[in-house]
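Novice: Sequence first, then the predicted structure:
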Amino acid sequence: MNQQQSGDNVSFVALMNAVAGDGSATRSNDEEQSMSYRTRELLATNEADSGLSPGNSNNTNKKRRLQRLTNKQWEILEGFFSICGHPDEGQKKHLSETTGLGLDQVKFWFQNKRTQVKNMCSKEENYKLTVENEILRDENRRIKLAHCNAICLTCRNSSVQNQLAVEMERIKGQSEWLQQEIARSNGALPTSNLAFQLDSSAENVFSEQHDHQMIAELAKNAMHALIILAETHVALWFPVPGSSFEMLNMTAYQQAYPGDDGANAMGFKTEATRADAMVMMDHKSIVDFLMDPYNYRTFFPGVISRAVTNRIYSWPTNEGYNGVIQLMTVEMMCPSPLVPSRKCTFLRYCNELQEGAVAVVDVSLDDGNGLSKCRKMPSGFLIRSIRQNTCKVTAIEHVRVDDTGVHELYQPCLSGLVFGARRWVATMARQSARLRDVYLTKTTLQVSTKGRKNLMKLADDLLASYASSISAAGARTWTVVIGAGTEKDVRVAYRRTTEGGSSNNAIMSVSVSLHLPLPMRRTFDLLRNLTLRSKWDVLVHGSTVKEEVIIARGVGSKDAVTVLHVKRTARENKERTMILQNNGYDVSGSFMVYSPIDSELMNTMVLSPSDLPADGSTLSLYPTGFSLLPDGEAAQDSSGVALGEVWGTLMTMGFQIPVKLACGNGMYPRSVSSVIRLMTDTIGIVKRTLMDDHSVIYGSSPFSA
C-alpha cells in the first residue's frame, strides 16, 4: 500500500513538473493558458486532496477521477461566456455556486475557452489570408495572360491576326467535335450550329409538345458552349481596364458562331461578361443554393427579388442535383428606381464534369411571340474545387435584353456592372464568407452562435427589403404615389402591412437617386465613418456612435454586419439605442443599410436566442440605406485606374417609415409632403457633409488624387 501511495505521489509530482517545468521558474501566462482542460481538472482534484495526510490509507485508496461537466453546467458556462469572456471574482464565485464547481475549475475553464477562441480566430484569419492570396495570385496570372495575348481590333499586324485566326479555328473545331459527339449519342444527324439556335418551327415543336429529348439536347449544347466560353483565355474575351471582369469580343464570337445575331436585328442589346472569384464553400453547398429557388433568392439578397421553378424536366436523384433540368423564372433588380428590373425565364441544367468540376448552365427558350424582354444565351457558373470548402467559381452572364426605360444616368453601368457576372460572383463570395464567419468561427465574445445566425438573417432581410422597396422590381407590391426617384423628383410608394385585411396601417418608402462628384470608394468610406455619422443621421441626433460588435465579416474590411450603439449625452434621453447595419463594397454594387433595433429584441436574440420566424412577421424593422455605383465616366474610363477610385458616384438613398392610410385607401397628402420635405433636407445634409473638407481623415483634400 505504501508503494502504491508512493507511486501515486511520484506520478503527481511528475505531472506537476511536466506542466509547470522547473519548480524555481514562474509559469508564464501563455503557458498557463495553453494547459488542457483535462489537466486543469486533474490539478484541481489533486489540490483539493492535498490537505489530507499522506499516511491516511482510506484516502490514498480512492481512485482520483476527472470531473466531467454536465450538460447543465456546460450550458451555464457557455451562456455566460457569450456575454462576458473575462468574469471578475464575484462573477466567478456566483458561477461556482450555480454550477457546483470549484473557483479554480471555473477560472481554468474560462482561461481555456479564451485560448480556444483565440486559436480558432487565428486559424480562420490564416485561412482567409490564404484564400485572398490565391485570389490575388489568380488575378495576377490572368492579367499577365491578358497582357501577353492582348488583341487590338484596330491594329492589323500579322502576328495578332494570325493568333486570332488560330484561336478561332481551335474553337470552331472544338465546337464541331462536341456537336458530333452529341449527335452520335442521340442517334441524330449533327447540326451546323449550337442547339439553342433552332429555327422557329423546331422551337414551336418543343414549346407545344415539351419534347424532353430536345430539352436535354438543348441543355447539353448550352453546357458545352458555357465550358468553351469559360475556359477560353484569348480571342473571345478582353479585360475591362481597372476592373475584375471581362467582356465578350462580339467580333470574334460571331466568327466562331456565325448567324447568331438575330436578336440584335430586333432591337435587343447584347451584354456578355465573365468574372471569377474564390468562394469559401464546398461545391455541393454552392449547387444547393443555385438549384433551389428559395435558397437562390436568399443567397443573393438585394440582387434577386423573385425566383420560382415553373417545371422540372429531370428530377433530382440520390446523387443530388446532378442531371437536373428545370425551367425557372427569376427577377433581378437594381437598388435604384431609375433602372427597371429584369425578368427572365430559362432552363437551368446541373452537370458534374469528369474533372471534378460542376457546371450550372442557363439558357432561355424562345417564347415564339417576342414578348420576353430578356433572353439568356448560354450563361451560368463553372465551379471547381480548389481545397476543402473552397471553390473557384467562374460566372458568365450572356443576355439579349431590351433596356428601354433605363435612365440616362445608369445607361453606361449596364454593361457588366449592374446585371453582369461580377455582381454574381462578388455577392456569392461575400455571402459564403459571412456564413462561414457566423457558423464556424468565434470572432466575438458578446454574441452566441445562434444570436449571430439570427442577426445575420435580419441583416439579409434588411438588404432585401430596402432593395425591393426602392427598385422598380417592387412595382408588384408597392403602389407608387408620386415621383420617378431622381433628385428633383422624389419617389414615394407605399404598401399595406396586412394584405387583403381591413387595417389601414402601411409602410411608406421614399427614395431618390443623384450624382455626386466624389469617387465611389471615398463616398462609401465617408458614409461609414462613425465620426461624421452624427452630422447627417437622424437616428443619432448629434450623439456619438460606437461599433458594439461585428456579427460577420465578408471578403474585405469594408464588408461586415455590425451592431452600433448610440451613446447619448448627459442632457439627452438615456434610452439605449442599437442599430443593426449591413454594408458591403464592390464596384458592381456597394450598399450600406441599417435600422434601429429594439434593445429588448436584441437581448432576446443575443442573451437567450431562439430561432426567428421564417417570414420575420413578429419583427418591425424599417431599413434606411444607400446604394452606390460608379458613374458613366468611371464605367467608360480606359486609363486602367481601378473602378471607384476616380470620377463620380451614382448614389441612391431610401428609407421606410410606418404610416396610416386615408379612408380612401390612399396616402394623406400631408404625409406625402412631409416625407418629401424630410428626404430633401436629408439629402442636402448628406451632400454637404460628404463634400466638406475631410483632410483630417484623409490627410488631403477630398478632391485630391
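Specialist: Perfect, thanks for sending it.
Novice: Please make it C-alpha for all contacts and neighbour counts, starting now.
Specialist: OK.
Novice: What count of nearby residues applies to E319?
Specialist: E319: 7 surrounding residues under other C-alpha atoms under 10 Å.
Novice: So which residues of the stretch 151-300 of the chain form helices?
Specialist: Ranges of helices in the stretch 151-300 of the chain, per DSSP state H, counting those that start in this stretch, are 158-186, 200-209, 212-231, 250-256, 262-265, 283-291, 293-299.
Novice: what helices or strands is the fourth one leaning on?
Specialist: Applying 3 or more C-alpha pairs under 8 Å, 6 or more residues apart in numbering; DSSP states H and E, one finds that helix 250-256 makes contact with helix 158-186.
Novice: 10 Å instead?
Specialist: For helix 250-256, the packing partners by 3 or more C-alpha pairs under 10 Å, 6 or more residues apart in numbering; DSSP states H and E come out as helix 158-186, strand 237-239, strand 269-279.
Novice: Considering the ones you listed, which stretch scores lowest in mean pLDDT?
Specialist: The weakest mean pLDDT among those belongs to helix 158-186, with a mean of 56.
Novice: Just the CA atoms of the host helix or strand of C344, as CSV, please.
Specialist: According to DSSP states H and E, C344 maps onto strand 342-352. Provided in CSV are the C-alpha atoms of strand 342-352 (Å, rounded to 0.1, in the frame of the first residue of the first chain):
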residue,chain,number,x,y,z
ARG,A,342,-35.2,42.2,-65.5
LYS,A,343,-37.5,39.2,-65.6
CYS,A,344,-36.1,36.2,-67.4
THR,A,345,-37.3,32.6,-67.9
PHE,A,346,-34.7,30.0,-68.7
LEU,A,347,-33.7,26.3,-68.4
ARG,A,348,-31.2,25.6,-65.6
TYR,A,349,-29.1,22.4,-66.0
CYS,A,350,-26.7,21.0,-63.5
ASN,A,351,-24.0,18.5,-64.5
GLU,A,352,-20.9,17.1,-62.8
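Novice: Please name the strands paired to that strand in the sheet, noting orientation.
Specialist: strand 325-332 (antiparallel), strand 358-363 (antiparallel) (DSSP bridges).
Novice: Only the buried residues of it, if you could.
Specialist: Buried residues in strand 342-352, counted by 16 or more other C-alpha atoms under 10 Å: 342-351.
Novice: still on that earlier bit, let me know which of the strands paired with strand 342-352 is the nearest to I579.
Specialist: For I579, the closest of these is strand 325-332, at 28.2 Å, according to C-alpha to C-alpha.
Novice: How about R528: what's its closest non-neighbour residue?
Specialist: For R528, ignoring the flanking residues on the chain, the nearest one in space by C-alpha to C-alpha, 6 or more residues apart in numbering is M592 at 7.9 Å.
Novice: just to revisit the earlier point, the strand holding C344 versus helix 212-231: what angle between them?
Specialist: 90 degrees (axes from the mean of the first three to the mean of the last three C-alpha atoms, to 10 degrees).
Novice: and the spatially closest residue to A275 that is not a sequence neighbour, what does it touch?
Specialist: Nearest residue to A275, sequence neighbours excluded (C-alpha to C-alpha, 6+ apart): F245, at 4.6 Å. By C-alpha atoms under 10 Å, 6 or more residues apart in numbering, the contact set of F245 is 237-239, 273-276, 395-396, 416-417, 420-423.
Novice: rewinding a little: keeping just the C-alphas, turn the helix or strand containing the residue nearest to R528 into CSV.
Specialist: Assigned by DSSP H and E, M592 belongs to strand 590-597. Extracted in CSV, the C-alpha atoms of strand 590-597 (Å, rounded to 0.1, in the frame of the first residue of the first chain):
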residue,chain,number,x,y,z
SER,A,590,-22.0,48.9,-52.9
PHE,A,591,-24.5,49.3,-50.1
MET,A,592,-25.0,50.4,-46.5
VAL,A,593,-28.3,49.5,-45.0
TYR,A,594,-29.3,50.0,-41.3
SER,A,595,-32.2,50.1,-39.0
PRO,A,596,-32.8,50.8,-35.3
ILE,A,597,-33.4,47.6,-33.3
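Novice: Select the longest helix from the chain.
Specialist: helix 103-148 (DSSP state H).
Novice: Over it, what's the mean pLDDT, rounded is fine.
Specialist: 75.
Novice: what angle separates it from strand 269-279?
Specialist: Using the same axes, to 10 degrees: helix 103-148 against strand 269-279 is 140 degrees.
Novice: picking up where we left off before, for the buried residues of strand 342-352, work out which two are farthest apart.
Specialist: R342 and N351 (26.2 Å).
Novice: List the buried residues of the strand holding M592.
Specialist: For strand 590-597, the neighbour count (16+ other C-alpha under 10 Å) marks 590-597 as buried.
Novice: Now do it: which elements does it pack against?
Specialist: So strand 590-597, by 3+ C-alpha pairs under 10 Å, 6+ apart, packs with helix 449-470, helix 520-528, strand 560-567, strand 577-584, strand 624-630, strand 649-660.
Novice: Let's see that with 7 Å instead.
Specialist: Here strand 590-597 touches strand 577-584, strand 624-630, going by 3 or more C-alpha pairs under 7 Å, 6 or more residues apart in numbering; DSSP states H and E.
Novice: most tightly surrounded among those?
Specialist: Among these, the stretch with the highest mean neighbour count (mean count of other C-alpha atoms under 10 Å) is strand 624-630, at a mean of 26.
Novice: Show me what it is packed up against.
Specialist: Strand 624-630 packs on helix 520-528, strand 590-597, strand 649-660, going by 3+ C-alpha pairs under 7 Å, 6+ apart.
Novice: okay, the longest one in CSV with CA atoms only?
Specialist: Spelled out, it's strand 649-660. Only the C-alpha atoms of strand 649-660 are listed here, as CSV (Å, rounded to 0.1, in the frame of the first residue of the first chain):
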residue,chain,number,x,y,z
THR,A,649,-20.7,58.2,-57.9
LEU,A,650,-24.3,57.4,-58.5
MET,A,651,-26.0,57.3,-55.1
THR,A,652,-29.5,56.2,-54.2
MET,A,653,-30.9,56.9,-50.8
GLY,A,654,-34.1,55.4,-49.4
PHE,A,655,-35.9,54.9,-46.2
GLN,A,656,-39.1,53.3,-44.9
ILE,A,657,-41.5,54.6,-42.2
PRO,A,658,-44.8,53.3,-40.8
VAL,A,659,-47.9,55.5,-41.7
LYS,A,660,-51.7,55.4,-41.6
